[in-house]
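**Student:** Here you go, sequence then predicted model.
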Amino acid sequence: MELGGPGGAAPGPGKPELEREGLELLQHTVGSLLSAYGWYLLLACVAVYVIVQKISPSLRARLSGQRGAAAAAVEPDVVVRRQEALLAARLRMQEELNAQAERYKEKQRQLEEQKRQQKIAMWESMQEGKSYKGNLKLSQQGAESGASTSSAVPKSKPNKKPLRGGGYNPLSGEGGGTCSWRPGRRGPSAG
């Protein structure tokens, strides 16, 4: 048996040639990909880098928050204090809401009482044979003047006569004006 003959496996010269062909094939494939899609790959790498830079602070904060929550969950005193603070805040907010509801109910009662008083006044004025609308206006004015600090009684304005007569129309030229306007003639001026 011969070691390096045609039928035997020769470890020396055959293996480096296969490795060289594999490297040449790899270089050719990578080179063709870079020449065809190089700019796209570069832009994709830059985009991934920017996204990682934007997301990394929020990931760090989330991880540190989870660590802090885990540490707080371990200490029961902190948990109890936090629950008590939440309960106190809820009670305070509920008390404020109840106070607002009471104020609203009181305002509604006052409005209903005012409406009831107005209806009673209207009914009484109708029984006396007076106009209930006029009485309503007077009662509202009285309430407004009573609410104000001045005790002056509102004076009614005297009826003034109009400045111009009823038939005055400035566009028609009628009604006593010194100048009268007439529209221009239509049609061609030179016939």
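**Tutor:** Structure received. Numbers count the residues shown, from 1 in each chain.
**Student:** what helices or strands is the longest helix along the chain leaning on?
**Tutor:** Determined from DSSP state H, the single longest helix within the chain is helix 11-74. Applying 3 or more C-beta pairs under 8 Å, 6 or more residues apart in numbering; DSSP states H and E, one finds that helix 11-74 makes contact with helix 76-128. No exception for glycine: its C-beta is placed from N, CA and C like everyone else's.
**Student:** report the angle between the axes of the helix it packs on and helix 11-74?
**Tutor:** Comparing the axes of helix 76-128 and helix 11-74 via axes from the mean of the first three to the mean of the last three C-alpha atoms, to 10 degrees yields an angle of 60 degrees.
**Student:** Look at residue 171 and give its secondary structure.
**Tutor:** On the three-state scheme (DSSP: H, G, I helix; E, B strand; the rest coil), residue 171 is labelled coil.
**Student:** Count residues in the vicinity of residue 122, would you?
**Tutor:** Neighbour count of residue 122, defined by other C-beta atoms under 10 Å: 17.
**Student:** how is the protein carved up into domains?
**Tutor:** As given by automatic domain parsing, the domain ranges for the chain are 16-74, 76-146.
**Student:** how about the ones you listed in a markdown table, adding mean pLDDT and distance to residue 163?
**Tutor:** Formatted as a markdown table, the domains of the chain follow (pLDDT from 0 to 100; distance: least, C-beta to C-beta, whole Å):
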| stretch | mean pLDDT | distance to residue 163 |
| --- | --- | --- |
| domain 16-74 | 86 | 75 |
| domain 76-146 | 86 | 28 |
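**Student:** Adding distance to residue 185, write these out as a markdown table.
**Tutor:** Formatted as a markdown table, these follow (distance: least, C-beta to C-beta, whole Å):
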| stretch | distance to residue 185 |
| --- | --- |
| domain 16-74 | 77 |
| domain 76-146 | 56 |
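**Student:** Ok, which of the ones you listed comes nearest residue 171?
**Tutor:** domain 76-146 (38.0 Å; C-beta to C-beta).
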